[in-house]
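Participant: Mind folding the following:
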Amino acid sequence: MFGLGTQELIIILVIALLIFGPKKLPELARSTGKAINEFRKASSGILDEEEEKKEKKEEKTETALKPAESETEKIKVKEK
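Facilitator: Below you'll find the model as predicted:
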């Protein structure tokens with residue numbers, strides 16, 4: 001992930017325990033988890049919106065091309 005091994009994570013957790021204390025640490029972990037969850041929801045929502053925009057653009061280009069194709073077919077029929 002970030003190149004952190006087990007020993008480094010244990011050291012970080014011990015330092016966090018010493019700084020924040022045993023009462024605050026679960027609250028901090030809970031709030032951090034909620035923040036990460038909200039961030040994931042927001043980022044997936046943005047990705048979904050972008051995909052919808054792309055699909056709408058593709059539909060518009062497809063519908064714009066269809067009349068042009070039918071006109072060329074009419075022209076071909078008239079030439080025969």
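
Participant: Can you show me the helices along the chain?
Facilitator: Counting by DSSP state H, the chain has helices at residues 6-79.

Participant: Would you mind listing where the protein has pLDDT under the threshold?
Facilitator: Within the chain, the ranges that satisfy pLDDT under 70 run 1-2, 62-80.

Participant: hmm, try it at 80
Facilitator: 1-2, 58-80 (pLDDT under 80).

Participant: what's the distance between the residue nearest the centre of the chain and Glu51?
Facilitator: The chain has Ser44 as the residue nearest its centroid, 3.5 Å off, counting by C-alpha atoms, centre = their mean. Ser44 sits 10 Å away from Glu51, going by C-beta to C-beta, to the nearest Å. For every residue, glycine as well, the C-beta is placed using N, CA and C.

Participant: Kindly report the same for Ala35.
Facilitator: Separation of Ala35 from Glu51 (C-beta to C-beta) stands at 25 Å.

Participant: do Ser43 as well
Facilitator: Separation of Ser43 from Glu51 (C-beta to C-beta): 13 Å.

Participant: ok, now Gly33?
Facilitator: Gly33 is 27 Å from Glu51, where distance means C-beta to C-beta.

Participant: same check, this time on Glu8
Facilitator: Taking C-beta to C-beta, one finds Glu8 at 38 Å from Glu51.

Participant: cool, and Leu18?
Facilitator: Relative to Glu51, and taking C-beta to C-beta, Leu18 is found at 46 Å.

Participant: now do Lys41
Facilitator: Lys41 sits 16 Å away from Glu51, going by C-beta to C-beta.

Participant: what do you get for Lys23?
Facilitator: Separation of Lys23 from Glu51 (C-beta to C-beta) stands at 44 Å.

Participant: For those two, indicate the residue with more neighbours.
Facilitator: Between Lys23 and Glu51, counted using other C-beta atoms under 10 Å, Glu51 has the larger neighbour count: 10 against 7.

Participant: need the contact list for that one.
Facilitator: Contact partners of Glu51, counting by C-beta atoms under 8 Å, 6 or more residues apart in numbering, are absent.
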